[in-house]
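Chemist: starting from these lines, generate the structure:
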Amino acid sequence: MLQRTVIIDALKSKNFNQPINVRGWVRSRRGNNAVNFIALNDGSTIKNIQIVVDLTKFPEEQLKPVTTGSCISATGILVPSQGAGQDIEIQLTELEVYGTADPEQYPLQKKGLSMEFLRTIAHLRPRTNTFGAVFRIRHNMAMAIHTYFHQHGYFYFHTPLITASDCEGAGQMFQVTTKNLYNLKKDENGQIDYSDDFFGKQTALTVSGQLEGELGAMALGKIYTFGPTFRAENSNTPRHLAEFWMIEPEVAFIQKEELMDLEEDFIKFCVRWALDNCMDDLLFLNQFVDKGLIERLKSVVDTQFVRLPYTKGVEILQEAIKNGHKFEFPCNWGDDLASEHERYLVEEHFKKPVIMTDYPKEIKAFYMKINEDNKTVQGTDVLFPQIGEIIGGSVREESLDKLNAEIERRHIPMKDMWWYLDTRRFGAAPHAGFGLGFERLMLFVTGMQNIRDVIPFPRTPKTAEF
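Modeler: Numbers count the residues shown, from 1 in each chain. Alright, predicted model coming up:
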């Protein structure tokens with residue numbers, strides 16, 4: 001049997017008048033009484049390859065199973081195309097049907113299916129042009145992330161998915177247990193006794209690998225994590241998932257300015273990678289999903305990010321309100337800025353990405369380094385057009401006394417996090433890092449509007465299908 005050629009390679013081939021074999025899923029079959037044209041796609045590219053079928057050689061009964069969605073192997077002769085729309089085509093000589101798709105039941109028959117409907121058939125939606133493009137770009141963004149950090153001397157550090165600590169202090173965590181939920185053992189105070197559980201204590205799925213990542217940076221110098229994280233947040237917005245992927249570098253011996261340099265350089269590298277490696281898919285998404293996508297991606301790569309203290313940002317927003325701009329949420333010093341505030345600064349005021357710094361300490365996590373004013377912390381969040389916050393970063397507090405004081409002030413239970421405090425007790429070092437939600441990056445790079453549409457199988461409240 002002739003060895004298969006993937007379609008992305010077949011479309012580049014100039015090996016005309018030679019036999020070739022391609023295999024994939026039928027996107028369409030059309031034609032007349034003399035000739036049929038099969039559009040075939042195998043997922044390697046947004047583009048289909050055209051199979052030309054001479055009906056004098058292939059009776060209708062043999063072609064009847066070749067419907068939209070069916071899977072076939074097509075062997076034929078590669079020739080320059082006679083028609084418009086493609087450079088090459090295959091004149092079919094041999095056909096094998098691997099799997100049929102009943103036209104009455106296959107749900108991807110019609111064009112223009114809604115994103116909402118496609119989420120209900122997430123097991124099939126990767127076969128559509130849109131989701132094929134999105135998931136190829138997702139692969140490329142993962143490659144960009146690993147490539148960037150590897151080239152810059154970082155070590156890929158695997159942090160645990162099961163943990164006894166809550167990094168963000170929000171308490172919105174999924175419990176992990178082997179206990180019989182119908183017969184829970186309790187202590188004399190009526191509290192659940194976890195001594196007979198698998199780990200002997202209460203555990204949950206991680207909300208972040210940052211704290212363990214800091215331990216890695218205290219030994220290896222600079223590390224990054226890239227893996228799934230979980231938030232039991234009952235939110236049904238287009239920006240939230242219960243299971244998502246995070247990139248979290250941690251670096252010893254850098255200060256706030258260097259951290260902002262890292263954030264800007266890293267995100268530009270990822271966007272540039274998409275432009276260099278995913279242009280066919282980006283052109284499709286630019287045409288059918290977001291007409292300004294490629295222009296916006298290029299603008300991020302070509303511009304210097306604004307570096308804006310939180311206090312100055314609030315002044316700009318309050319000035320906008322005075323001039324008649326309407327915001328849904330209030331904006332006073334000390335407020336956690338909403339996405340609408342962040343997007344106003346990025347899209348309307350500066351018209352470029354913004355790195356916002358020096359937030360009020362009350363709205364940020366306990367581990368952030370407090371400034372000399374004792375009111376603000378050295379946070380460094382990157383705000384992007386269309387998205388709002390895409391990166392959340394900070395310089396970490398390396399002083400044990402200051403860290404303990406903040407933990408006590410916030411009444412954070414640390415009994416299971418003695419190991420984290422040990423990094424400040426034994427050879428503490430200045431360090432900093434950030435977290436980037438991978439799906440937020442994907443939203444920006446693809447122009448998709450809902451975070452459920454940039455991950456293959458979204459996990460949201462009341463949804464854990466597939």
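Chemist: which ones are touching the nearest residue to Ile121 once chain neighbours are set aside?
Modeler: Excluding the flanking residues, the one nearest Ile121 by Cβ to Cβ, 6 or more residues apart in numbering is Pro107, at 5.4 Å. Where you see a C-beta, it was placed from the backbone N, CA and C, and this is true even at glycine. For Pro107, the contact set (Cβ atoms under 8 Å, 6 or more residues apart in numbering) comprises 113, 121, 124.
Chemist: closest one of these to Ile192?
Modeler: Comparing these against Ile192 with Cβ to Cβ places Ile121 closest, at 39.4 Å.
Chemist: circling back to that earlier point, can I assume the residue nearest to Ile121 sits in a strand?
Modeler: No - counting by DSSP: H, G, I helix; E, B strand; the rest coil, Pro107 falls outside a strand, being coil.
Chemist: can you tell me how far it sits from Ala122?
Modeler: Counting by Cβ to Cβ, to the nearest Å, the separation of Pro107 from Ala122 is 12 Å.
Chemist: and what of Leu78?
Modeler: Distance from Leu78 to Ala122, by Cβ to Cβ: 35 Å.
Chemist: ok, now Gln175?
Modeler: 26 Å.
Chemist: okay, the two: which has more neighbours?
Modeler: Counted by other Cβ atoms under 10 Å, Gln175 and Ala122 do not tie: Ala122 has more neighbours, with 18 against 14.
Chemist: who touches the nearest residue to the more buried one once chain neighbours are set aside in this structure?
Modeler: Spatial nearest neighbour of Ala122, chain neighbours left out: Phe466 (5.1 Å); criterion: Cβ to Cβ, 6+ apart. By Cβ under 8 Å, 6+ apart, Phe466 lies in contact with 122-123, 457.
Chemist: and those, which is closest to Trp25?
Modeler: Nearest to Trp25 among those, with distances taken as Cβ to Cβ, is His123, at 13.7 Å.
Chemist: pLDDT weak spots in this structure?
Modeler: 166-171 (pLDDT under 70).
Chemist: could you redo the last one with a cut-off of 90?
Modeler: Residue ranges of the chain with pLDDT under 90: 1, 33, 60, 82-86, 109-112, 164-172, 233-240, 330, 386-388, 411-418.
Chemist: residues contacting the residue of it positioned farthest from its centre?
Modeler: No residue in the chain sits farther from the centre than Thr56, which is 49.4 Å out by Cα atoms, centre = their mean. By Cβ under 8 Å, 6+ apart, the residues touching Thr56 are Ala34.
Chemist: measure it to Asn33 for me?
Modeler: 10 Å.
Chemist: again with Asp42
Modeler: Per Cβ to Cβ, Asp42 is found 29 Å from Asn33.
Chemist: compare these two (neighbour count), which wins?
Modeler: Asp42 (18 against 7).
Chemist: so that one touches Val6, yeah?
Modeler: Yes - between Asp42 and Val6 there is a contact under Cβ atoms under 8 Å: 6.1 Å.
Chemist: name the residues contacting each of those two.
Modeler: Contacts common to Asp42 and Val6, judged by Cβ under 8 Å, 6+ apart, are Val22.
Chemist: now Leu184: closest residue in space that isn't a chain neighbour?
Modeler: Closest residue to Leu184 apart from its sequence neighbours, by Cβ to Cβ, 6+ apart: Ile192 at 5.4 Å.
Chemist: OK, contacts around that neighbour?
Modeler: 179, 184-186, 202.
Chemist: who's in contact with Gly153?
Modeler: Contacts of Gly153 by Cβ under 8 Å, 6+ apart are 221-222.
Chemist: need the three-state assignment for it.
Modeler: coil.
Chemist: would you mind measuring from it to His325?
Modeler: For Gly153, the distance to His325 - Cβ to Cβ - is 45 Å.
Chemist: repeat for Thr163
Modeler: Separation of Thr163 from His325 (Cβ to Cβ): 42 Å.
Chemist: ok, which stretches of the stretch 251-400 of the chain are helices?
Modeler: Taking DSSP state H, counting those that start in this stretch, the helices of the stretch 251-400 of the chain run over residues 256-277, 279-288, 293-302, 310-322, 339-343, 400-410.
Chemist: wait, which of the ones you listed is closest to Phe426?
Modeler: Here helix 400-410 is closest among the helices of the stretch 251-400 of the chain (Cβ to Cβ), at 9.7 Å.
Chemist: after that closest one comes which helix or strand?
Modeler: Next along the chain after helix 400-410, taking DSSP states H and E as the criterion, comes helix 418-425.
Chemist: so how far is that next one off the chain centroid?
Modeler: 32 Å (Cα atoms, centre = their mean, to the nearest Å).
Chemist: give me phi/psi at Glu372?
Modeler: Dihedral pair for Glu372: phi -60, psi -20, per degrees, to the nearest 10.
Chemist: what does Pro65 give?
Modeler: Dihedral angles (degrees, to the nearest 10) for Pro65: phi -70, psi -10.
Chemist: touching, Val79 and Asp87? I think so.
Modeler: No - Val79 lies out of contact with Asp87 (Cβ under 8 Å); the separation is 10.4 Å.
Chemist: just to revisit the earlier point, closest to Val314 out of the contacts of Pro107?
Modeler: Using Cβ to Cβ, the contacts of Pro107 come closest to Val314 at Leu113, 43.3 Å.
Chemist: count of neighbours near that closest one?
Modeler: So Leu113, with other Cβ under 10 Å, has 15 neighbours.
Chemist: could you do Lys111 as well?
Modeler: For Lys111, the count of nearby residues is 7 (other Cβ under 10 Å).
Chemist: ok so it is a helix residue?
Modeler: No - per three-state DSSP, Lys111 lies outside any helix segment and is coil.
Chemist: quick one: contacts of stretch 118-135?
Modeler: 25, 41, 43, 46, 69, 107-108, 113, 281-282, 284-285, 288-289, 442, 446, 448, 452-454, 456-458, 465-466.
Chemist: again, 6 Å this time
Modeler: Stretch 118-135 is touched from outside by 43, 46, 107, 281, 284-285, 446, 452, 454, 457, 466, with contacts defined as Cβ atoms under 6 Å, 6 or more residues apart in numbering.
Chemist: buried subset of the residues you listed, written for ChimeraX?
Modeler: Those of the contacts of stretch 118-135 that count as buried under 16 or more other Cβ atoms under 10 Å are selected in ChimeraX with:
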select :46,281,284,285,446,452,454
